[in-house]
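1. Everything below, folded, please.
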Amino acid sequence: FATTAGNMVSRSLCLLLSAAALLALAVAAPTHLWMNPNDPPNVRAQMLLQAMNLSEKLAMLRGYDLGYVGNVVGNERLGIPQLNLNDGPQGFRDDAHPGTTTCWPSALTIAASFKEDNAYAWGVAMGQEFWNKGANVQLGPGLNVARVPRNGRNFEYLSGEDPFLGYTLVQPLVEGIQSQHVIANAKHYINNNQETNRTETSANLDERTEHEIYYMPFEGAIKAGVGSVMCSYNKIHDSWACENYQTLTVGLKQDLGFQGWVMSDWGATHSTSINAGLDQEMPGGDFMGQALADAVAAGQVSQAKVDDSVLRILVPMFQMGLFDIPNKNTLSNNVTSEDARQLARRLSAESTVLLKNNGNILPLDVNSLKRVAIIGAGDCPYVHSGGSGSVTPGYVTSPMWAMTERMGLPHPRMEVVCDGSRYDYGFDYFGFDLESFAAYDPDTCCKRCGQNKLCTYFTYNNVTHTCFLKNSNLGRTAQGNSISGSCYASIGPISPCIGDKCIYSNPGTSPDDAAQLAGAVDLAIVFVGALSGEGSDRTSLSLAQNGDALIAAVAAAQNNTIVVMSTPGAILTPWRDQVPVILANFMPGQEVGFALMDVLFGNVNPSARLPVTFPNVENEIGFTVQEYPGVNNEAQYDEGLNIGYRWYDAHGVKPAFPFGFGLSYTTFEYNTLQIDSSNLLISFTLSNAGSRAGGEIAQLYLGFPTASQEPPRQLRGIRHVMLQPGESTLVTFALSKRDISIWDVQAHEWAVTPGTYKVQVGGSVADARLTSTFNI
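-> Residues are numbered from 1 along each chain as shown. A predicted model of the protein is given here:
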């Protein structure tokens, strides 16, 4: 596939430093032959395998309950470290110690940035937190393509609706995670494209669609060296994904060349299916424990098959340094940090898509703002959806809080009251600590909390005489030496004004009341959204809590209305022609408030793009019940290759907002398209024609020869280019033979169709700035 010239220096540097750390920390005189870090990982794994007896090998092919979401027992005799596996694809989920890890933007949110650098930085940061929590396998990234707009887990998946987007972004993400000595796990393989009846439904699709659409993101993960893959709950052609020989052995291990190990999703193993391609059962050993030992003894499973599965686990463990750098961290560690907070803020801001900006209302000028209304979810924003991919934040920066701070106004919180009769004796509010300091009574903690803009709660340890200031009490846990509480009393809000600057809040539960407030101010910002989660699909693509009616009412009363949508995927916007400004930030994470202010006030010039199409109406793509959710647990993928924007192109339908679309506070010009068909190089000049510095996401789409019977246009290149006002640069996309190939179902391999290829370069699938053709 097309590659980006000049991969990130920081990525290469981090890998070099990791290699240096391996050498520095390795023992000078290894106690076992396989402990020499100078030997290649596969050689070390082979030496270790030869020293293992059968029961030791089998112990690695099943799960255990040792404190994390999943574990594989270690081996003290041979020096094999314990595997600690944990959720999830967008941060460390720790329900036992909530608030001790960063609640990052979701994978779909990162996909909206269209930036490989952001995927890498996100991977490094998540890998660090997993390592610092004592985990060495991250159960992520999630890569399933968004075939079904209502799919409850679309927010977890990096691919959006385009396999090439997933293929491109997953590579730096996997490299980032694994640079921290944490093995990444690509999931959910394969065709886990809906949550409705996910444990029973069979995905029935043709071989070509499987390879060209659904395998491609996993192929990217494999190219990046991902250590493990998780097979899914569903069936493919009536065979469970975790015992499907065609997808596991033929598709994954042979066609895609995967060298790591396949683990089952939790409870997705239905038989002793090692011969089909499953290497490890999770979270227990109902089928890969004693049953596997019996199958080996009976000759039903060969010793060579067992050895292959064990090697597939050992090699990534050596590759990622698990044998050479002992991880002594514990699950209870608080691993989030100020650096993580700042990165989460930047990632969220750079993933916020500007969909509409009539009259150039944005960016806002703080000096000219007078009366502002924050309506809807501004005080309690949408941050994350639910399931194994969710992370409980230690705090959330709300848009209301961030806006008041940006305008220099007092936050409408409650009066500070420090009264011992209101304290929570014998409890510790575990979670992210805003700060800690020495003190000798809880009143000191309470008063200091009242002086900290982010603090709402505190904990005082009367043994260590330490105060911990917090934004949340979500981690409330019995602790005899602790006294906790809030520094505020419910006696009414502080005045929302200073001089002629005022900010007002309305929850939006009554559209009429919200409209009345909106009509009395100069600017109304409406925060709306929707949620989804694991185990069920969304019931509709509409906003939650009567959001459509709320926006319509506010827009009718206030011409200067800004709408901010936080959603787990595609959303309907029937009111889009009634408002001048629309932004979408998907599932933005704990720093949502500050991130949005960075965009609204122009500290960040938006460059993010839609990773999914926003339709005009429900089921615009026309799924029959046989196609979704399926009849008698059989889902027919009759649309073939035409999913997402491919369907819109093929049927000539204009969506509400197309794939790849997003606006900026500046303008860009594309000129001088040049094609070197012999070397498959496509070049053009990109210029910033506006007055602000900004980044453009240049996109390359290819149309294949008619004989190939491909969709009209397909993404084959993305490039983020940052330019100063008046600056120009030459952008080149280097295509590979694979980029112009289709899957030949007769030969079962990739093949190039001779003929004329159409080239489109622009800012989205619907933005054809430059077009041309070349012949093969």
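2. hey, which helix or strand in the chain has the poorest pLDDT?
-> None of the helices or strands of the chain scores lower by mean pLDDT, DSSP states H and E than helix 9-25, at a mean of 40.
3. After that helix, which helix or strand is next?
-> Using DSSP states H and E, the helix or strand that follows helix 9-25 in sequence is helix 41-51.
4. what's the helix or strand following that following helix packed up against?
-> Moving toward the C-terminus from helix 41-51, the next helix or strand (DSSP H and E) is helix 54-58. Packing partners of helix 54-58 (3 or more C-beta pairs under 8 Å, 6 or more residues apart in numbering; DSSP states H and E): helix 290-297, helix 303-319. Using the backbone N, CA and C atoms, a C-beta is placed for each residue, glycine as well.
5. who's in contact with helix 54-58?
-> Residues outside helix 54-58 that contact it (C-beta atoms under 8 Å, 6 or more residues apart in numbering) are 49, 75, 77-78, 288-289, 292-293, 296, 303, 306-307, 310.
6. So which of the residues you listed is the closest to residue 339?
-> Within these, the smallest distance to residue 339 is 35.6 Å, found for residue 75 (C-beta to C-beta).
7. before we move on, the earlier item: please identify the deepest-packed of the helices and strands packed on helix 54-58.
-> With neighbours defined as mean count of other C-beta atoms under 10 Å, the helices and strands packed on helix 54-58 peak in mean count at helix 303-319, which reaches a mean of 20.
8. would you list every one of the strands in the stretch 401-550 of the chain?
-> Remark: strands assigned in the stretch 401-550 of the chain by DSSP state E, counting those that start in this stretch are 424-430, 435-438, 457-461, 466-470, 475-486, 497-498, 501-506, 523-529.
9. Sheet partners, orientation included, of the shortest one?
-> Taking DSSP bridges as the criterion, strand 497-498 sits next to strand 501-506 (antiparallel) in its sheet.
10. Show the average pLDDT along the strand it pairs with.
-> Mean pLDDT, computed over strand 501-506, is 94.
11. Check stretch 388-404 too.
-> So the average pLDDT for stretch 388-404 ends up being 91.
12. Do me a favour and get the end-to-end distance for it?
-> Stretch 388-404 has an end-to-end distance of 34 Å (C-alpha to C-alpha, to the nearest Å).
13. Give me the residue at the spatial middle of the protein.
-> Most central in the chain under C-alpha atoms, centre = their mean is residue 107, positioned 1.2 Å from the mean C-alpha point.
14. Residue 88 is in contact with that residue, correct?
-> No - counting by C-beta atoms under 8 Å, residue 88 is not a contact partner of residue 107; they are 9.6 Å apart.
15. Give me the common contacts of the two.
-> 140, 156, 389.
16. want to throw those residues into JSON lines with distance to residue 246, secondary structure and neighbour count?
-> Shown next, in JSON lines, are those (distance: C-beta to C-beta, whole Å; DSSP: H, G, I helix; E, B strand; the rest coil; neighbours: other C-beta atoms under 10 Å):
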{"residue": "140", "distance to residue 246": "25", "secondary structure": "coil", "neighbour count": "29"}
{"residue": "156", "distance to residue 246": "25", "secondary structure": "helix", "neighbour count": "30"}
{"residue": "389", "distance to residue 246": "28", "secondary structure": "coil", "neighbour count": "25"}
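17. Could I get the full set of helices for the stretch 551-700 of the chain?
-> For the stretch 551-700 of the chain, helices defined by DSSP state H, counting those that start in this stretch occupy the ranges 592-600, 645-651.
18. closest to residue 167 out of those?
-> Nearest of those (C-beta to C-beta): helix 645-651, 15.5 Å.
19. Can you give the distance from that closest one to the centre of its chain?
-> Centre-to-centre, helix 645-651 and its host chain are 26 Å apart (C-alpha atoms, centre = their mean, to the nearest Å).
20. Nice, that's everything, thank you.
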